[in-house]
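Colleague: Below is the structure, and that's it, no one-letter string:
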């Protein structure tokens, strides 16, 4: 018969198959630090690119589509600031921090933003007039409708609706469409929301 005897053996690990726990923790921290550094570099590059893009796009717009919407003096002043910003980007700003790029971009947007908003507002007016035309046509159709759902509306109320529709279209044609042509575009005329 076979006799089996169990004894506890003392085993001491002298070499790890990989890294020791302190080495592993150090490598994880190193990886975290590199990822953080990569993120900072990426965000800084994005901020720099945003500033550079704003400079080029705004300069182009001031020379073309925004030209009518800003006076010569303010346009030249903004063009000068855009040129200075471009020179700074490729000179002293080459190694700047993200916050500096963001500050400079916000300062330029504060100056160029009102011009862009004015341009967009002028561009939105014809679309708003078209929307008004559609609404007026809808209300005129309801006022002229012989549908039983609208029998309860008196003839007097229907005439009021027709008159309001006519007045709205006269305003849109006369004041907005013709008045816009003679108005100085560097100043607000009407807000499209109105």
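Modeller: Structure received. Nothing here was measured: the structure is a model prediction, and the numbers come from that model.
Colleague: nearest residue to residue 165 other than its sequence neighbours?
Modeller: Excluding its sequence neighbours, the residue lying closest to residue 165 (CB to CB, 6 or more residues apart in numbering) is residue 136, at 4.5 Å. Yep, even glycine has a C-beta here, placed from its N, CA and C like the rest.
Colleague: before we move on, what about residue 56?
Modeller: Using CB to CB, 6+ apart, the closest residue to residue 56 is residue 86 (8.0 Å).
Colleague: so the one you found, which of the three states?
Modeller: helix (DSSP: H, G, I helix; E, B strand; the rest coil).
Colleague: distance of residue 148 from residue 65?
Modeller: The gap separating residue 148 from residue 65 is 52 Å, by CB to CB, to the nearest Å.
Colleague: I meant residue 49, not that one.
Modeller: Taking CB to CB, one finds residue 49 at 23 Å from residue 65.
Colleague: repeat for residue 151
Modeller: 52 Å.
Colleague: If you count surrounding residues, which of residue 148 and residue 65 has more?
Modeller: residue 65 (12 against 7; other CB atoms under 10 Å).
Colleague: which non-adjacent residue is nearest the more buried one?
Modeller: For residue 65, the spatially nearest residue (CB to CB, 6+ apart) is residue 119, at 6.5 Å.
Colleague: residues near the one you found, how many?
Modeller: 18.
Colleague: pull the longest helix from this protein.
Modeller: helix 98-144 (DSSP state H).
Colleague: other SSEs contacting that helix?
Modeller: helix 21-63, helix 72-90, helix 155-171 (3 or more CB pairs under 8 Å, 6 or more residues apart in numbering; DSSP states H and E).
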